[in-house]
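Engineer: coords please:
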Amino acid sequence: MHKEMRVREGFLIYDDVSKGMRTSVTRVDKRHFPRMEAVVTATCEKDDLHAPDAYGYFHSCSKDLSATGARFVVGQGVNEGEHFRIALELPDSLSPLLIECEVVWVKPLEKLRSKLKEAVEVGVRFVKLDSPHDDEKLRDYLKSIQ
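Structural biologist: Here you go, the predicted model:
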């Protein structure tokens, strides 16, 4: 039995070459830093593109967190590619981490639809942390919850 491995569109595929059959498909995680399950509150500020002088504020909480991104549940619509700023409130920290984020993906949350019509789960990439000290605080927090 001879097997070959290849990556295609984010999936790891093992093929049994001798039989010409696909034997296994596994999702490939392209992240450089592991996501840790963490519930942390955040205050978010989103530029309203339709009204240039207005900002939208909303609150959220994380479902998981890494040094380079997070997954949040938000009660208002955001779209892939949008940028917003968050003030991430880590436990035992006197001041929040200020982070600019980019929305990488958006998924509806069916379980919350009855309570929050626009509830979605979003994956964000951290574009810029306000200071190197914030990056250090985030990494220290992640180490503490491993």
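Engineer: next, Trp105: secondary structure please.
Structural biologist: With DSSP: H, G, I helix; E, B strand; the rest coil as the basis, Trp105 sits in strand.
Engineer: identify the residues contacting it.
Structural biologist: Trp105 sits next to 80, 122-123 when contact means Cβ atoms under 8 Å, 6 or more residues apart in numbering. Where you see a C-beta, it was placed from the backbone N, CA and C, and this is true even at glycine.
Engineer: what about Leu142, which SS state?
Structural biologist: Applying three-state DSSP: Leu142 is helix.
Engineer: check contacts around it.
Structural biologist: Contacts of Leu142 (Cβ under 8 Å, 6+ apart): 36, 38, 65-67.
Engineer: Asn79 now?
Structural biologist: Contacts for Asn79 (Cβ under 8 Å, 6+ apart) come out as 103, 106.
Engineer: ok so, going back, show me the contacts of Trp105 that map onto strands.
Structural biologist: The strands, defined by DSSP state E, take in 122-123 from those.
Engineer: distance to Ile145 and neighbour count for the contacts of Trp105 - can I get that in CSV?
Structural biologist: CSV is the format used below for these (distance: Cβ to Cβ, whole Å; neighbours: other Cβ atoms under 10 Å):
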residue, distance to Ile145, neighbour count
Glu80, 28, 11
Val122, 21, 23
Gly123, 19, 19
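Engineer: if we can go back for a sec, now for the contacts of Leu142: which two are most distant?
Structural biologist: Ala38 and Ala67 (11.9 Å; Cβ to Cβ).
Engineer: for the residue lying closest to Val39 once chain neighbours are set aside, list the residues it contacts.
Structural biologist: Distance criterion Cβ to Cβ, 6 or more residues apart in numbering; nearest residue to Val39, sequence neighbours excluded, is Cys61 at 5.6 Å. By Cβ under 8 Å, 6+ apart, the contact list for Cys61 reads 39-42, 72-73.
Engineer: redo that, cut-off 10 Å
Structural biologist: Going by Cβ atoms under 10 Å, 6 or more residues apart in numbering, Cys61 touches 38-42, 72-74, 89.
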